[in-house]
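1. Fold the following for me, if possible:
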Amino acid sequence: MVLFLVFIALLIAGYYGVKSLANPAYALALYMVMYPMEQLLQAGFQFFIQFNWLVNFLPPSLAVAGLLLRMGSGRRLLVLDRLSMLCYGLYAFAALSVVWAQSMDATIVLLKFRLPYIVAGLLIMPLTINTPSDARSAFKAFVGLATPVAMALAIVPFKNRGVLIETLDTAEMGNPLAIGTFGATLAVVAMGFAFAARTQTLVRVIMVCLAFLGAYVTIRSQSRGQFITVLIGIVAVAWTVLTGASRRNVLIALTAAIALGIGVFAIKDAFLNANYEEGNASYDRWSIEYMTEEFERSRGSMSYQLLREYLEAAARNPAVLLFGLGGSYSYIVMGIYCHVVPLEVLCEYGILAFGVLSVIFVLGYQAGRAVLRKKDIDVNAKWPSAVLTALAAVHFVLMFKQGSLLSHSDFFGYLLILDRIRVLGVPSPSSASSRSVEWRFPSPQGGEVPAVLRPPSQPATI
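-> Numbering: from 1, shown residues only. Here you go, the predicted structure:
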């Protein structure tokens, strides 16, 4: 049954892969299911264990092909404003930090490993979305493709928290965090459809069922932080999709999130083995005692150690205060990231980078707010923008419980998509508060569109 569902998913992926050549937005849907699809293929076929890069290579490649094929349509290619320049600059600074890193060789290895994902998530995929209509197309394709993928993840054999991937002589566990994040994404997008104004009743029911399926997949991966983001994302998308922020809408959002949480937890023990095997011991990852103990010996102690070493080094050399200890210091000293990205940015890249990250948070919030508060925005344009905002909120929360800066390019990608919609898809003179430069492909009438700098109060294009 799992292989049948994977086969169906491959057929749907092939269909949208072809369509992405005409509309690059569909490539974003393929990118959003890339990680769980990779694990399912590795669980069923030895070929994809050896050539796992194939699955990760296709979505950005199709996006680039689609963008190149639309070169004559006048489609805008790149938006350069404060938010995008700061995002690109932050990652460029992180790459530059190899110069003063604790171990240049180890830092370069980690950077090279993450580089393809950074290029895809930060540079390529945001270019596929210009308008809420593009986002709506991507989310519709995502739901169609994610449905068989999520159904397969609900029944595929697991090893502890992740997909069981068997080689000729070993049995490995797939990445549970990727599975949990995928489930959270499906739940948020499905509830976006459910809350949309013009969705038919039957479709609403189906979308709610898919949200339960996504939440179940997240629970099955025992990703506690991702499950919390499911509830946060549903509240965010409901609050913003429903007209206004009235008390009634807040209650609806909270009720939907609480009902989903209670429903999934009610069936958790009936269908799942809640215990997580670690060595020869077994733990209930959802118990308060285990979560408290794990926090103290992982996130808490690692964050404290990293901050202490940063302050001690800064006391010896004030330059460390500005530029940090160097990229991937956590990996080199502790063997893993410290789990709290803002703290990692402060300690590894210094106060300057931390300031840039803080400004990115503010500008990203303003971009989402500008899109959603557009008074004359059409209802069909509002819910895709609300889902994008909710997904950005989901990844923002995840930055405080897992990963490093290099592994969170998707968060910045969602912010850049919102920024593109603000500039290109939902123009608002009141929200154009920063200088911005845009490139568009050559005009179909011939010749390049001349370059014009944007004055502070009105948009202009290159």
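2. do you know how far the most centrally placed residue in the chain is from Gln46?
-> Closest to where the C-alpha atoms of the chain average out (Cα atoms, centre = their mean) is Asp410, at 3.8 Å. Using Cβ to Cβ, to the nearest Å, Asp410 is found at 29 Å from Gln46. Bear in mind the C-beta positions are built from the backbone N, C-alpha and C, glycine included.
3. what does Glu172 give?
-> Glu172 sits 13 Å away from Gln46, going by Cβ to Cβ.
4. what's the answer for Met207, then?
-> 36 Å.
5. more neighbours, the two?
-> Met207 (21 against 12; other Cβ atoms under 10 Å).
6. ok, that one touching Val188?
-> No - if you go by Cβ atoms under 8 Å, Met207 and Val188 don't touch, sitting 11.0 Å apart.
7. Does Leu5 touch Ala150 like I think?
-> No - Leu5 lies out of contact with Ala150 (Cβ under 8 Å); the separation is 9.2 Å.
8. Could you work out the end-to-end span of stretch 117-133 for me?
-> Using Cα to Cα, to the nearest Å, one end of stretch 117-133 lies 25 Å from the other.
9. any chance you could map the strands in the stretch 301-450 of the chain?
-> With DSSP state E, counting those that start in this stretch, the ranges of strands along the stretch 301-450 of the chain come out as 437-440.
10. That one: helices as residue ranges?
-> 301-316, 318-323, 329-334, 341-372, 379-398, 409-420 (DSSP state H, counting those that start in this stretch).
11. can you list these in a markdown table and add distance to Asn130 and mean pLDDT?
-> Listed next are the helices of the stretch 301-450 of the chain as a markdown table, based on distance: least, Cβ to Cβ, whole Å; pLDDT from 0 to 100:
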| stretch | distance to Asn130 | mean pLDDT |
| --- | --- | --- |
| helix 301-316 | 39 | 90 |
| helix 318-323 | 36 | 92 |
| helix 329-334 | 37 | 83 |
| helix 341-372 | 13 | 93 |
| helix 379-398 | 12 | 86 |
| helix 409-420 | 6 | 95 |
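12. most tightly surrounded among these?
-> Mean neighbour count (mean count of other Cβ atoms under 10 Å) peaks for helix 409-420 among those, with a mean of 26.
13. isn't Asp134 right up against Ala25?
-> Yes - contact criterion Cβ under 8 Å: Asp134 and Ala25 qualify, at 4.1 Å.
14. hmm, back to that, neighbour count for Leu5 and Ala150, which is higher?
-> Using other Cβ under 10 Å as the criterion, Leu5 and Ala150 rank with Ala150 on top: 26 against 20.
15. Can you give me the distance of that one to Phe212?
-> 10 Å.
16. between the helices of the stretch 301-450 of the chain, which one is nearest to Ala13?
-> Ala13 lies closest to helix 409-420 among these, at 19.0 Å (Cβ to Cβ).
17. So which other helices or strands are in contact with that closest one?
-> strand 76-80, helix 82-96, helix 104-118, helix 341-372, helix 379-398 (3 or more Cβ pairs under 8 Å, 6 or more residues apart in numbering; DSSP states H and E).
18. Could you rerun that using 6 Å?
-> Other helices and strands packing on helix 409-420, by 3 or more Cβ pairs under 6 Å, 6 or more residues apart in numbering; DSSP states H and E, are helix 82-96, helix 341-372, helix 379-398.
19. possible to save these as TSV with distance to Ile155?
-> Output for the helices and strands packed on helix 409-420, formatted as TSV (distance: least, Cβ to Cβ, whole Å):
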stretch	distance to Ile155
helix 82-96	38
helix 341-372	33
helix 379-398	25
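20. quick one: which of those helices is nearest Leu321?
-> Each of the helices and strands packed on helix 409-420 has some distance to Leu321 by Cβ to Cβ; the shortest is helix 341-372, at 6.0 Å.
21. how big is the angle separating the closest one from helix 301-316?
-> Orientation of helix 341-372 against helix 301-316 (axes from the mean of the first three to the mean of the last three Cα atoms, to 10 degrees) gives an angle of 100 degrees.
22. quick one: helix 341-372 to helix 82-96, angle?
-> Going by the same axes, to 10 degrees, helix 341-372 makes 160 degrees with helix 82-96.
23. Which one's more surrounded, Asp134 and Ala25?
-> Ala25 (26 against 22).
24. Spit out the contact partners of the more buried one.
-> Contacts for Ala25 (Cβ atoms under 6 Å, 6 or more residues apart in numbering) come out as 128-129, 134, 137-138.
25. need the contact list for the residue nearest to the centre of the chain.
-> 121, 395.
26. What of Pro36?
-> Here Pro36 is in contact with 149, 179, 182 (Cβ under 6 Å, 6+ apart).
27. do you know how far it is from Val149?
-> Pro36 sits 6 Å away from Val149, going by Cβ to Cβ.
28. what's the answer for Phe4, then?
-> Distance from Phe4 to Val149, by Cβ to Cβ: 13 Å.
29. do the same with Gln366
-> 34 Å.
30. and the end-to-end length of stretch 157-170?
-> 15 Å.
31. Next: stretch 125-136.
-> 15 Å.
32. Mean confidence (pLDDT) on it, please.
-> Per-residue pLDDT values across stretch 125-136 average out to 92.
33. Give me the distance from it to the chain's centre.
-> How far stretch 125-136 lies from its chain's middle: 15 Å, per Cα atoms, centre = their mean, to the nearest Å.
34. Repeat that for stretch 359-368.
-> In terms of Cα atoms, centre = their mean, the gap separating the centre of stretch 359-368 from the centre of its chain is 16 Å.
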